[in-house]
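# Coordinates for the following, if possible.
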Amino acid sequence: MMAAFAEGLVLADGLGLSQQDLLDVVALGAIASPMFALKGPNMAKARGGTFPTAFPLKHQQKDLRLAIAAADARGQPLGVAAAANDLYVRAKGLGHGDADFSAVLRAVAQQQQQQQQ
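Numbers count the residues shown, from 1 in each chain. Model (predicted):
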C-alpha cells in the first residue's frame, strides 16, 4: 500500500497536483485505512526529509520476501507483492533500510527522476 501511495505522490508532483488533495481523495476512498491515515501525511510532508521510524523498511522488505517465497513454494505468483518488493529492495540499496518503511517513496522518486533524464 505504501509503495502504491508513494507512486501516487510522485505522479501528483509530476502533474502539478496538490499533495493535500491526493491525501483527501485517498482518505475518502476504499483504500483508506488506519495505516494510510498514519503514514500518508508524513510521506507527503517529509518528501526530502525524514520519516519517523515506526517499522524499519528492511523489516518490511524481509516480510515481502518471505511472503513471495511462501507463495512461490505453492506455485502461486504474487506479482503485486513482487513489484512492491523491488521498490523496497531499491530503497534499501539507497541506504534507507533503517528508515521507516514509508521511505520507499525515495526509491519511487529516484526512479521517476532517472526516467526523465
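# roughly how far out does the longest helix anywhere in the chain sit from the chain middle?
Looking across the chain with DSSP state H, the single longest helix is helix 57-73. Between the centre of helix 57-73 and the centre of its chain there are 15 Å (CA atoms, centre = their mean, to the nearest Å).
# same check, this time on stretch 92-104
Distance, centroid of stretch 92-104 to centroid of chain: 10 Å (CA atoms, centre = their mean).
# Okay, now that stretch: how far is its last residue from its first?
In stretch 92-104, first residue to last residue: 8 Å (CA to CA, to the nearest Å).
# dump the residue contacts of the closest residue to residue 19 other than its chain neighbours.
Using CB to CB, 6 or more residues apart in numbering and skipping residues adjacent in sequence, the residue nearest residue 19 is residue 44, 4.2 Å away. Every C-beta, even on glycine, is put in place using the N, C-alpha and C of the backbone. Residues near residue 44 by CB atoms under 8 Å, 6 or more residues apart in numbering: 9, 19-20, 22-23.
# Next, the buried residues of whatever helix or strand residue 44 lives in.
Secondary structure assignment for residue 44, by DSSP states H and E: helix 34-45. Buried residues in helix 34-45, counted by 16 or more other CB atoms under 10 Å: 36, 39-40, 42-44.
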